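Asker: Provided below for reference: sequence and predicted model.
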Amino acid sequence: MDTRFTDEQLALRDRIAKFAQEVLAPEAERIDREGFDMDHYRKVMDAGLVAVPLPKEVGGEGMGTVGRCILLEEVSKVCPSTALSYLVGGMSLYYPGASQELIDKYYMPWVQGKILPAFVFTEPNAGSDAAAISTVAAEDGDEFVLNGKKHLICNGASADVLNVFAITDPEEKVSRRLSVFCVPKGTPGVKATVQPGMSLAGAELAEIEFTDCRIPAGNMIGERGKGFGMAMSGIAGGRINAAACAVGIAAHAVEDAVAYVKEREQFGKPIAANQAVAFTIAKMRRRMESAKALLYKAADMIDRKDPEAALYTSMAKAEATDASVYCADENLQLHGGIGCLKGCEAERIFRDAHAARIYDGTTNVLDMVISRDMLK
């Protein structure tokens, strides 16, 4: 593959980097401290960033997976919490599977940056084991009645529309039990409680409880019983996003470390003059660049519909998240005691780096996926 970005991709990178530095960076520490801020996130929506990777026929910019990874990498260099709020939502479920009414009411406003969605899948007993979902949508005439509890739902308390996975056909095999419903904000029977997090604290995680929540049958997204496959597709697609965020976090750690060791003096000289410190910086850069290369190889394979794209995406996600944790850990170590203080950028980078190894497929699950492909 050609590893060089096109002129259009380079222009996108410069545009996003400028936006991230000027708009997001000044607020990153505050939202990490105070939590999700819808007014802050609305700046992302108003800037048209949602439309960047989407096809031109639906109002997007047509930059594809590579473009989305460029965007997420640059945003994550300054505020991965904002990147997480951007990349979740499950709106890919709508097009082209949903009815035209739902597309017009929810998908198109999302493309235009007018609404915030949430992908409502994970439950207390259903994470990596997706088949363990217990939330039920019982059919009642021309409605479905939702009952169950979800948790760790990004944007869960602030979203304008919840895209909810629930059991509609409990007697069917696992692959045919689930369906997906859009639940608009303000629907009776929905209670959301924010779950403060250690990592990516500027994003919003919530527990959502559905109690006799009645949804019109027309709010089903796609075909009945196809929810499990849609969920697996969405989660697998999210892995490349998580990899891009992790590369951005790793790059931020490298930049932060280089700046610090050049200015911090001990024994009459910058600590960068010590070979052990210089070699640490070199190893951090190597790990970050290796992960970045695999990220964009996998992204390009997705855009070209390469049959091995899913495998390389799993490898990219595992490698990038490991690299981000490595770089964040070394950066904090180089900062010494000050790196452990709240308000120090190294401390925030360290916390944020660890989250990406969990969401959209844990590293252990990904290694299982990779090894199965190798040993089949």
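Answerer: The structure has been received and is ready for your questions.
Asker: For the closest residue to residue 76 other than its chain neighbours, the count of nearby residues, please.
Answerer: Excluding its sequence neighbours, the residue lying closest to residue 76 (CB to CB, 6 or more residues apart in numbering) is residue 248, at 2.7 Å. Using the backbone N, CA and C atoms, a C-beta is placed for each residue, glycine as well. Other residues near residue 248 come to 31 when the count uses other CB atoms under 10 Å.
Asker: Flag the shaky bits of this protein, pLDDT-wise.
Answerer: Residues of the chain meeting the criterion pLDDT under 70: 1-3.
Asker: coming back round to it: in the helix or strand the residue nearest to residue 76 falls within, what's buried?
Answerer: In the assignment (DSSP states H and E), residue 248 maps to helix 227-263. Using 16 or more other CB atoms under 10 Å as the test for burial, helix 227-263 gives 227-228, 230-231, 234-258, 260-261.
Asker: The very next helix or strand once past that helix pairs with which strands, and in what direction?
Answerer: The C-terminal neighbour of helix 227-263 among helices and strands, as given by DSSP H and E, is strand 265-266. Strand pairing for strand 265-266, determined by DSSP bridges: strand 269-270 (antiparallel).
Asker: which residues are contacting the partner strand?
Answerer: Contact partners of strand 269-270, identified using CB atoms under 8 Å, 6 or more residues apart in numbering, comprise 261, 262, 263, 264.
Asker: how close does the first one get to residue 25?
Answerer: Distance from residue 261 to residue 25, counting by CB to CB, to the nearest Å: 21 Å.
Asker: Tally up the residues packed near the residue lying closest to residue 148 once chain neighbours are set aside, please.
Answerer: Once flanking residues are discounted, residue 148 sits nearest to residue 135: 2.7 Å by CB to CB, 6+ apart. The criterion is other CB under 10 Å. On that basis, residue 135 has 21 neighbouring residues.
Asker: likewise residue 276?
Answerer: Around residue 276 there are 7 residues (other CB under 10 Å).
Asker: Secondary structure element holding it?
Answerer: helix 275-303.
Asker: What residues sit buried inside the next helix or strand after that helix?
Answerer: Sequence order places helix 309-335 as the next helix or strand after helix 275-303, per DSSP H and E. Across helix 309-335, burial judged by 16+ other CB under 10 Å covers 309-332, 334-335.
Asker: Show me what helix 309-335 is packed up against.
Answerer: Helix 309-335 is packed against helix 227-263, helix 275-303, helix 345-355, helix 363-375, with contacts defined by 3 or more CB pairs under 8 Å, 6 or more residues apart in numbering; DSSP states H and E.
Asker: Serialize those to JSON lines and add fields for distance to residue 209.
Answerer: Output for the helices and strands packed on helix 309-335, formatted as JSON lines (distance: least, CB to CB, whole Å):
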{"stretch": "helix 227-263", "distance to residue 209": "20"}
{"stretch": "helix 275-303", "distance to residue 209": "35"}
{"stretch": "helix 345-355", "distance to residue 209": "24"}
{"stretch": "helix 363-375", "distance to residue 209": "27"}
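Asker: so which of those comes closest to residue 193?
Answerer: Closest to residue 193 of the helices and strands packed on helix 309-335 is helix 345-355 (CB to CB; 19.6 Å).
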